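Chemist: coords below, sequence missing:
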C-alpha cells in the first residue's frame, strides 16, 4: 500500500518557460527508458521477487522512489509550458520572428491540444508509453541486468538533456536525477555481481548440461573483417573458459524448406487433402513418444 | 551488403508436428527478447559504432548470425504446424477427444487464418514485433549492457521452452541456441567490462561533476522494511565509493503545483488572458539569460 | 447497410492553405478522442445494443453522422495542405524567411511523404488511430458515460483548435462541430440520466450485495492534506448514502509476497520440482470445492 | 513523493491456484480500464490540476490508492499461477484429461515464458498496457467524466470476473475492489455535478457564442427508424433548452473534393508545377488576412 | 454525408452459437486485412482522389459498402457468442467434458470481460485494429495495387474461415463476402490496368530519368542457388525491357562507417567539441549549394 | 544462414549534413512501406514458400538485398546528423537565425536524445516499425500482389524524398534505390502474372463454387453519382466475365439485432439466467449437426 506527501523529492522548477524543453523532457518521463519504465519495472519485479528479501526490498525502495521522479518531471513540464504561445496572435508566420517560428514549429501539438499545457505519458514524438518497455522475468539476475541497462540509458538521456538547456532550474533537477541514477546503476550492479557469484555468470543457472557446449564459447565470424578476433580470441570468459574464434562458420543445418499446407487453406503450394485421420495421427505419435 | 546460403546454421526439424509448441516458439522469434530483437539491435548498434573497430565487428558478426536464428525458428515453426487440425472435421467439441480439444483451444488463430500455417513475426499472443524492443544509444557501454540483458532474457526463455517439450528435434535446436546465447552473453560481458575499465562504471562517462554528488551513493528507504540496508550499507560500490543508507528520506522539493493555463484553452482552471506581449516576454527572458 | 451522398454535412473549406493547421486538425480526425473514435464507438455500441430500441437508434444515428464528420475533416485537411512547400526550392533554411522556416519545421512529414498532401488516419504526431480508443461494454450506462466523455474531450479540443487560427473557413467548420458536440453531449447525458434512474447510479446494477459495503462510501486519505475531506465528508452521494472520510487508512491485507516458481523455469527463486501429481492436485481441489 | 508499506490494502490470496483466472485478472491489472489506467490517469490529472485544491487532493488520494490495487492484483495473479502445469509431463494431449487440456489451452503463454509465473502489465491477450488508455485534459469536468467512466467500466469487469470463479479468496478481493469502485464512481460523480453547476453542463464552458447554435440542440436522423425521436424530441436538455428532431437532415456543405497536389509528389492526379512564388503567396495571403 | 438502413446488406445469422468461430471471425472484422481496413482505406483514398471522377466514385462506392460488411460481421459475432459459457458452473475443468474444455480454452477473454459478449474492433488475438493497416498515398495506381492486395488477402482469409465451420448460416454469409471480394478484386484490377496503360507500369510515373537505369532491370543473386535466374533471365518485363541476371553482385558503395557524434552527447565514440561555428557552417554550405 | 561484407551495396554519403533530411529518410528505413518492411516480408515469404523453387529463390534474393538497403539508409542518416545543432549555444530562439530555427523545430528529438545522432528503426514521427506492416499469407499470388504494392509505395516515397533535397549524395543514393525498386516492381509483376495464369486471377484459386456467384461481378452503387458505372459496366473482367452495375442495391439481410447476454455479465440488456443446461445444449446442437 502506498501513501504520498505533497512536497516533491527534489526541486522541479525552471527559471523560465520553454516549450521545446517541455517536449524533450517527455523522453525522461514517458519514453522507452524513462522514469515511468523504471517505476513499473522495479515495482513489478519487487512484487514477484521471492527468497531474497534484500533484493525485493531494494526493488520496492527504488520503484517507489521512481513514482516521485515521474511526479517531478510532470511538474517541471507543466511549468515549462506556462505561457507557451498557443493561439493565433502569436502565430509564427505572421510575426516575422524566427524565435517564435522555432517554438511554434518544434512544440508538441499533443501538449497543447490534448493535455491543455501539462505533461503527457508520452515521449517527445507523442508515442504513448507502453508496458513492453519494462521487464520482469522471474529471474533476478536477468532482471538486475535489465535494471542496470535502464539506469544507464536513463542517465545518458538526462545528460543529453542537460546540454540542451542553460536554464538553472532545469539543470538543477537534472543534476539531481543524474545523481540518483548513479546510485541506482551502482546498487543494481552490486546485486548483479552477488547474484553472478551465487548462481554463475550465465543466465539461467544450472542449465549448462542442456546446451550443446561445443558451440558455447566460440565467436563466429559472419561479417567481413576480423577485428573481433583480436578482441576476443584466447581471452578467458567470465565463466572461466577460453573464447575461441571461428573464421569461416559452416552451415550445419538442413536445407531451409517448409512442408506444404493442407488444401483447405488454399495456399498456392497446398496439394493434399487433410483428414481427421491425419489429425489423429499426430496425437498418436506424441503419445507413443512419451 | 549481405548474402545468404540455403543451409541453416543448425538443424531446425522436429520429430513430429505440435501446434502448441509452434505458438510458444513465436516468443523466441518475434517476442520482446527474441532473435529478431537481437538481430535488429546488434546491426543498428554496429552500423552506428565508431572509433572501436573491434566492438563494431563483434556487433555485426552477432547481428548477422541472428538473422540465421530467425530463419531457423521460422523453419521449425512451419514444420510444427504441418498437419495441424484446422478444419471442421477435427473440430474439438465434436470429437470428444481431449487431446484435440487442447490443441484447438491453444492454437494461435493467426498462424492458421493469417499466415497459412507458417511463422509470423509476432509473439505467441499475436502481438506484432516492434522496434521499441531494441536499443541503440550511441553509448557503447549502455548498449553492451542492453545486449547482455537481451541474451540473458533470450536464453532464459529458450530454457523454459526446452522444458515444455520432449521432442528431440526441438530440444536439439534449443540446445544449440542456448549455447550460442551463452557465447553471446559472455562476449558482451567481456566488452562491457573493458569499456567500464576504460570509461568508468557509471554511464555516461565524464559527467561526474554535472551531478549533485551528495545524492549519488545513497540508497533511500521508500518502502517499509530495511532488508535493503543490510544488503548495501557500508559496502564499496564498483566505482570505489561507499554506499550510504537513508532511513527516512525527506522531501526536499517545492510543493507540487502547476501554473494555470491560458483562458483560450478553456481549462477549468484557466483564469487569465494570454497575449502576444506575454509570448514575447518569454523570448526576452531567454535572450537575457544567455 | 449504408449509403452516401457527395455533399458534405457542412462546409469544410478554408480561406487559404495552412499546413500547420492541417497537422493540428489530425487530432480531431484520428486522435484518441477524435471523430473516428466517436464513429466506431457509437456504431459498435449500437450494433450490440438490445432491449432499448431508442438508445440503439440514437447510437446509430450519431455513429452514422460521425462518418460524415471524418469526411469533413479529411476534406478540410486536404485543402489546407494545398500548395504546401514540399520541395527543395522552398527549403526553409535557404530562404532566410522565418515564416517558411516555421512551416517547414512544423509540418507533419507523414502528410507529405506518405499521404501525398492529403489526410491520414493519425493524430498530429503520426500515431495511428487504434481501436482501443473506443469502448463498447454491453452495459449501456457505462457506454453512455464513455460517450459523454468522448463528446466533452472532442468539443474541448475543437475549441482549442478554434483559437489557433483566424481562418474564417476553418472556424466556420469548427463552430459547426462544436454545435454538434453540444447536442451529442446533451443527448448522451439525457440517456445516461434515464438509465441511472432505471438501473441505479452505480454500474453495474444489481450487484450491491456482492460487494463489501463497509468500504463503498468512504474516501481514503492516501495523499497528504485533507482538502478532499472538506469536499466530500458528510455529503450525500448520488445513491442516497452519506460519504465518510478515513484520515489514516490502515493496510488490512496480508504481507505482499509471492510463491516460488518451479525449478524448470530457472527462476532465481525457484526451489522445488513440480510434478504431474501436483498438477493433478490443483484439479482435485477445485473439483472438491464445487 | 511516495512511500510504501509491505502490507496490502486488502487481502489478495486465493484458496487454490487457477491459471485461467490468473489470465483473466490481467484485464483488471493491465487492460484498457484496469487499475493501472486509474492510477496513471488520476495521478496525472492531480499533478496538473490547479485552482481547485479539493479536487486535486481527491485525485491524488485516489491515484495513490490505485497503486495499491495494482499491487493487490499482481499478488493475486502470482498466487493463482503457483503450481501451474508448465512442463511436458502435464502436457495436455498426453494426459487424456480434459481438465488439464483446458488449462493448457487457455493459459497465457506470456505468463509462463516471459514472466516466469508472475503478473505482467498486460491484458489477458498479452496486449501491453499503454498510456493512451488514460486521459488528462486540463479541463476538470471532462476529466471527471472520464473518471466516472473508468470506474464504471472497471467495476463492470470486476463483477464479470466475480462470476467466473467460485474461489472464496478471489471473490473476497473482488468484493473489496467492487466496493472501492462504488466509492470512486460516487465521488467523481459528486465532483462532476459540482463542476457542472459552476461551469455549465457543456464542456468546455464559456464557448456558447463560438458555436453555430442553430445546430446545437437537434438530433439528426441518419439511421432508418425513429425510435430516437420518441426518446428525445421535446424533452428539456440538461442545459435548459429543448431538444429538436430533424427527420431528414440535408447535406449543407460543398461537394466533397480535394485540390490537386504538386507534380513533384508524382500523385496520379497532380497536374501543375509548384513554384517558390506560389509558396510565398500563401504567406502573403495570411499576412494580409490578419 | 452518410445514411443507414437497419436491414443488413446480406444475412448474418448462424444456425447455432459457437464462441470459437466468434473469435476467429474477428480477423475479418478487425484484423490487418479485414473489412474495417477496406472501409477506411477506400474512403480515405476516395476522399483524396482528384481528376479521376470514375475511380473516386468506385472507391467511395466500395468503401461505403464495407461499412455494411463490418456491420454484418459484428452482428454475426454477437449471435455466435450468445449463450457462451461464461460463468463458473460451466467451468471446463469441473465438467469433465472435453467439448466445454476446448471452448473455455479457446475463447477470447476480451469478448466476455470487456465487450459483454459482442464484437470488438480487434483481431482474434485481441490486437486492436490500427490505421497503419490502411494506405492512401495520393498515387492512384499504388493505391489500386494496395486494394487488389487487400481484397486478395481478405478473400483468402474468408475462405479459410469457411473451412473451419459447418454452420450453414456462417457459410452463407462467408459465401456472400467471397463473392463481393471477387468483384472487388476484379474491379480494382480493371482500374489498375487502365492506370498502368495511362501512366506506365512503374510507380510513380514520369521518373524514369531520375533513376540509375543501369540497375533497373537486373535481378541480383544474393541468395545461394539460381532458381530465380531460370524464372526471369531473358524475359521481357511488363515495361518492355529485358530482365538481366547478376550472378555475383559486387558491393559498389563506400565502407560502412559513421561519423563521431559531439562530445556533449557522451557517446562512447564522441571526440570533439561541437561549436556554434560548426552549426553555422552547415547552413553556409547549403546556401552555397543552391 | 547469412554473411556480410563491410562495403555497402551502393554509395550512401551526402555532400553535407542535413538533420531535416535525416528525419525524412527514416520513412524509407522504418516506415510502413520502408526497406525494413520489404526485408522482413520477403524473407518470411521465402522461408515459407514451397513447391515453387523459382519464386522462393526470388523472394530470398530480394529479401537479402533489402537488408543491405536498410544498412545504406542507416549509414546515410548518420552522416546527415553529423554536426547537427544539439546543444544550447545553437538554440534557435537565441540565435535570431531563421535557418537554425527551422532545423531546431523540425529535427526529430528521438534521433538526438535516444539514438545519439544515428538512425532509429522508426518513421520520421518516431512511430516504431512493427511487423504488422508486413505480410506472408502462404498464398503466393496474394503475397506477390502485396510485394508489388510495397515496391510501388516504396519507390513513390523515395521519389518524393528526391524532390526534397538538392544534395547530390542523397540524390545519388535515392536514384539507385529507385532503380532497384523498378526492378523489384517488375519482377514481382512477372511472378504475379504467371501465377494468375496458372491459378486464375481471383485469390484464392479453386473456390469459385463456394461463393454466391450472383454477387461476384456486380458493382453496387452505394455512393451518390454514377461515374463508376461508366467506368465498369459492360466491360469484361480479367477472369472473362462481364461486369454488371446495380444502381440501387437493396439490403437483403435480416434486421440488424443482437441477442441478449446472460445476466451474470450485468449488461443493461441482459434478462435471463444462463445455466449449465443451456451450455450443454450448444454442444448437443453442434454434435447433431455433424
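Modeler: Here it is on my side, so go on. In this text, all values refer to a predicted model and were calculated from it rather than measured experimentally.
Chemist: quick check: residues of the stretch 101-250 of chain A near chain D?
Modeler: Taking Cβ under 8 Å from any Cβ of the partner chain as the contact definition, the stretch 101-250 of chain A meets chain D at A:114-122, A:128-132, A:134, A:136-139. C-beta: built from backbone N, CA, C; applies to glycine.
Chemist: can you do 10 Å?
Modeler: A:112-123, A:126-139, A:142-143, A:204 (Cβ under 10 Å from any Cβ of the partner chain).
Chemist: ok, which stretches of the stretch 1-150 of chain A are helices?
Modeler: Assigned by DSSP state H, counting those that start in this stretch, the stretch 1-150 of chain A shows helices spanning A:19-30, A:35-48, A:53-81, A:92-95, A:98-106, A:109-113, A:140-162.
Chemist: mind checking which of those is nearest residue E:259?
Modeler: With Cβ to Cβ as the measure, helix A:140-162 is the member of the helices of the stretch 1-150 of chain A nearest residue E:259 (17.4 Å).
Chemist: for that closest one, name the packing helices and strands.
Modeler: Applying 3 or more Cβ pairs under 10 Å, 6 or more residues apart in numbering or on different chains; DSSP states H and E, we find helix A:140-162 packed against helix A:19-30, helix A:35-48, helix A:53-81, helix A:168-199, helix B:140-162, helix B:168-199, helix F:109-113.
Chemist: most tightly packed of these?
Modeler: A comparison of those by mean neighbour count, using mean count of other Cβ atoms under 10 Å in any protein chain shown, puts helix B:140-162 on top with a mean of 28.
Chemist: for it, what is the distance to the chain centroid?
Modeler: Distance of helix B:140-162 from the chain centroid (Cα atoms, centre = their mean, to the nearest Å) equals 8 Å.
Chemist: try stretch A:226-245
Modeler: Its chain's C-alpha centre and that of stretch A:226-245 lie 28 Å apart, by Cα atoms, centre = their mean.
Chemist: that stretch near chain E anywhere?
Modeler: No. Using Cβ under 10 Å from any Cβ, stretch A:226-245 stays clear of chain E, coming no nearer than 12.4 Å.
Chemist: and that stretch, end to end?
Modeler: One end of stretch A:226-245 sits 10 Å from the other (Cα to Cα, to the nearest Å).
Chemist: mean confidence for that stretch?
Modeler: Mean pLDDT, stretch A:226-245: 96.
Chemist: show me what counts as buried in that stretch.
Modeler: By neighbour count on 16 or more other Cβ atoms under 10 Å in any protein chain shown, the buried set for stretch A:226-245 is A:227, A:228, A:229, A:231, A:232, A:233, A:237, A:238, A:239, A:243, A:244, A:245.
Chemist: can you list phi and psi of the third one for me?
Modeler: Meaning residue A:229. phi -60, psi -50 (degrees, to the nearest 10).
Chemist: distance of it relative to chain F?
Modeler: Residue A:229 sits 15 Å away from chain F, going by Cβ to the nearest Cβ, to the nearest Å.
Chemist: just residue A:129 next, same as before
Modeler: For residue A:129, the distance to chain F - Cβ to the nearest Cβ - is 12 Å.
Chemist: what's the burial count for that residue?
Modeler: Number of residues near residue A:129 (other Cβ atoms under 10 Å in any protein chain shown) recorded here: 26.
Chemist: I'd say it and residue A:34 touch.
Modeler: Yes. Under the criterion of Cβ atoms under 10 Å, residue A:129 is in contact with residue A:34, at a separation of 7.4 Å.
Chemist: which residues are in contact with residue A:214?
Modeler: Counting by Cβ atoms under 10 Å, 6 or more residues apart in numbering or on different chains, residue A:214 touches A:244, B:176, B:179.
Chemist: part of a helix, is it?
Modeler: Yes. Assessed by DSSP: H, G, I helix; E, B strand; the rest coil, residue A:214 belongs to a helix.
Chemist: tell me how far it lies from chain C.
Modeler: 22 Å.
Chemist: got it, and residue A:11?
Modeler: Relative to chain C, residue A:11 is positioned 18 Å away (Cβ to the nearest Cβ).
Chemist: that residue contacts residue B:256, doesn't it?
Modeler: No. In this structure, residue A:11 is not within contact of residue B:256 by Cβ under 10 Å, at 11.0 Å.
Chemist: who has more neighbours, the two?
Modeler: The neighbour comparison of residue A:11 against residue B:256 (other Cβ under 10 Å) goes to residue B:256, with 25 against 16.
Chemist: wouldn't the more buried one be in contact with residue A:6 here?
Modeler: Yes. Using Cβ under 10 Å, residue B:256 is in contact with residue A:6, at 5.4 Å.
Chemist: any low-confidence regions in the stretch 101-250 of chain A?
Modeler: A:101-105 (pLDDT under 70).
Chemist: go with 80
Modeler: Scanning the stretch 101-250 of chain A for pLDDT under 80 picks out the ranges A:101-106.
Chemist: return the residues of it in contact with chain E.
Modeler: The stretch 101-250 of chain A comes close to chain E at residues A:155, A:156, A:157, A:159, A:160, A:162, A:163, A:164, A:223, A:224, A:225, as judged by Cβ under 10 Å from any Cβ.
Chemist: mind doing that once more with 6 Å?
Modeler: Within the stretch 101-250 of chain A, the positions near chain E by Cβ under 6 Å from any Cβ of the partner chain are A:159, A:160, A:163.
Chemist: from the residues you listed, which is closest to chain B?
Modeler: Comparing those against chain B with Cβ to the nearest Cβ places residue A:159 closest, at 5.1 Å.
Chemist: how about the contacts made by that closest one?
Modeler: Counting by Cβ atoms under 6 Å, 6 or more residues apart in numbering or on different chains, residue A:159 touches B:204, B:207, E:266.
Chemist: nearest residue to the first one other than its sequence neighbours?
Modeler: Spatial nearest neighbour of residue B:204, chain neighbours left out: residue E:266 (3.3 Å); criterion: Cβ to Cβ, 6 or more residues apart in numbering or on different chains.
Chemist: tell me, how many residues neighbour that neighbour?
Modeler: Neighbour count for residue E:266, taken as other Cβ under 10 Å: 27.
Chemist: what of residue A:247?
Modeler: Applying other Cβ under 10 Å, we find 10 residues neighbouring residue A:247.
Chemist: likewise the one 5 residues further on?
Modeler: When neighbours are counted by other Cβ under 10 Å, residue A:252 registers 13.
Chemist: now the closest residue to chain E within the stretch 101-250 of chain A: closest residue in space that isn't a chain neighbour?
Modeler: When scored by Cβ to the nearest Cβ, the stretch 101-250 of chain A has residue A:163 as its residue closest to chain E, at 4.0 Å. Using Cβ to Cβ, 6+ apart and skipping the chain neighbours, the partner closest in space to residue A:163 is residue E:264 (4.0 Å).
Chemist: report the secondary structure state of that neighbour.
Modeler: The three-state assignment at residue E:264 reads helix, by three-state DSSP.
Chemist: count of residues packed around it?
Modeler: 19.
Chemist: on that earlier part again, okay but the residue nearest to residue B:204 is in contact with residue B:203, surely?
Modeler: No. With contact defined as Cβ atoms under 6 Å, residue E:266 does not reach residue B:203; the gap is 8.1 Å.
Chemist: sorry, back to before: got the phi/psi numbers for the residue of the stretch 101-250 of chain A closest to chain E?
Modeler: With angles defined as degrees, to the nearest 10, residue A:163 sits at phi -80, psi 0.
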